[in-house]
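> sequence first, then the predicted structure, then my questions.
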Amino acid sequence: MLDKAQGLPADQVFLDLEDAVAPLAKPAARKNIVSVLNEGDWGSKTRVVRVNDLTTPWTYTDVIEIVEGAGANLDCIMLPKVQTPSHIEWLDLTLTQLEKTLGLPIGKIGIEAQIENAKGLVNVDAIAAASPRVETIIFGPADFMASINMKSLVVGALHPDYPGDPFHYILMRILMAARMHDKQAIDGPFLQIKDVDAFREVAKRSAALGFDGKWVLHPGQLDAANEIYSPSQSDYDHAELILDAYDYYTSEAGGKLGAVMLGDEMIDEASRKMALVISAKGRAAGMTRSSTFTPPSA
Ligand code: GLV
Ligand code: MG
């Protein structure tokens with residue numbers, strides 16, 4: 001499975017020491033992860049290891065063994081069930097110690113923080129700000145649902161008894177903290193791995209809000225995730241068109257205009273900012289535009 005993961009079109013791969021590994025299997029899993037990080041060919045993928053959370057007896061040994069064994073071939077540690085900034089501060093200081101001891105650049109190893117309970121969510125701003133190592137805030141829906149006694153077993157899905165999206169507030173709260181502190185916001189897993197249509201429905205909701213991506217637990221979810229968190233071709237083309245048109249109309253040749261019509265739509269500086277977001281997502285996904293802007297006089 002780990003060999004297969006190396007060739008998949010994912011931006012990141014995370015190797016788990018937490019909930020997917022039984023307590024008695026954790027020591028062997030640490031050794032296995034060290035060797036696949038050192039020996040695998042992960043290309044340009046971000047290489048992440050999820051350690052156990054700080055209420056367990058395993059976190060310290062997880063971090064020491066993984067970073068001592070494979071720190072040079074590791075991009076981030078994912079810390080689950082983060083509840084207060086002190087969890088991040090502990091990891092930051094421990095990583096600094098390890099980097100100093102191992103001769104690695106200080107700050108090389110980033111942190112991904114999973115928000116998985118009410119305390120973590122209430123403290124999410126301070127968690128996001130707790131260290132410059134924090135790169136990503138991740139919603140952990142399964143643990144979160146359990147921690148707030150949500151009356152459902154289908155992670156991330158709408159609930160027939162609730163007239164809205166039960167996850168809206170949680171997702172938005174995480175997104176605001178991530179955007180305030182310039183971090184990535186990532187949605188968590190969808191467990192019914194054979195039901196790709198249901199995965200799509202859940203993924204579309206967090207993508208629409210502005211989340212940057214979502215976990216996939218199975219290669220079958222990957223194409224859907226890549227498609228959903230990238231703009232559609234028509235939105236991407238339209239965003240590039242707005243950027244070119246705005247560039248032209250605000251220039252000397254275009255009349256130094258601030259607000260202009262592009263077809264039936266008025267565009268201004270705020271439109272440019274929205275277009276920049278969509279075009280950046282499209283360019284990052286390697287999309288190519290299928291239309292060009294022609295100035296009216298040409
Ligand atoms: C992921 O860790 C989750 O709890 O959903
Ligand atoms: Mg979890």
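Cool, the structure landed. Ligands and ions are numbered 1, 2, ... in the order given.

> ignoring the adjacent residues along the chain, who's closest to residue 202?
In this structure, residue 202 finds its nearest non-sequential neighbour in residue 156, 4.0 Å apart by Cβ to Cβ, 6 or more residues apart in numbering. Heads up, the C-betas are built off the backbone N, CA and C, glycines and all.

> pretty sure that neighbour sits against residue 141.
Yes. Contact between residue 156 and residue 141 holds when scored by Cβ atoms under 8 Å: they sit 4.9 Å apart.

> any common contacting residues for those two?
Taking Cβ atoms under 8 Å, 6 or more residues apart in numbering as the contact rule, residue 156 and residue 141 both touch 167, 187, 188.

> and of those, the nearest to residue 63?
Distance to residue 63 across those (Cβ to Cβ) is lowest for residue 188, with 21.6 Å.

> angles on the backbone of the closest one, please.
Here is the backbone geometry of residue 188 (degrees, to the nearest 10): phi -90, psi -160.

> contacting residues for the residue nearest to residue 202?
141, 167, 187, 188, 190, 202.

> can you map out the helices along this protein?
2-6, 26-39, 59-70, 85-102, 118-122, 124-129, 141-147, 168-180, 196-209, 222-228, 233-249, 269-284 (DSSP state H).

> now do the buried residues in the second one.
For helix 26-39, the buried set under the neighbour-count rule, 16 or more other Cβ atoms under 10 Å, comprises 26, 29, 30, 33, 34, 36, 37.

> with only the CA atoms kept, save it in PDB.
What follows is helix 26-39, C-alpha atoms only, in PDB (Å, rounded to 0.1, in the frame of the first residue of the first chain):
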ATOM      1  CA  LYS A  26       2.900   1.300  17.300                       C
ATOM      2  CA  PRO A  27       6.600   0.500  17.900                       C
ATOM      3  CA  ALA A  28       6.800  -1.600  14.700                       C
ATOM      4  CA  ALA A  29       4.900   1.100  12.700                       C
ATOM      5  CA  ARG A  30       7.400   3.800  13.800                       C
ATOM      6  CA  LYS A  31      10.300   1.700  12.300                       C
ATOM      7  CA  ASN A  32       8.300   0.900   9.100                       C
ATOM      8  CA  ILE A  33       7.600   4.600   8.600                       C
ATOM      9  CA  VAL A  34      11.200   5.600   9.100                       C
ATOM     10  CA  SER A  35      12.300   3.200   6.400                       C
ATOM     11  CA  VAL A  36       9.600   4.100   3.900                       C
ATOM     12  CA  LEU A  37      10.400   7.800   4.300                       C
ATOM     13  CA  ASN A  38      14.100   7.100   3.800                       C
ATOM     14  CA  GLU A  39      13.800   4.600   1.000                       C
END
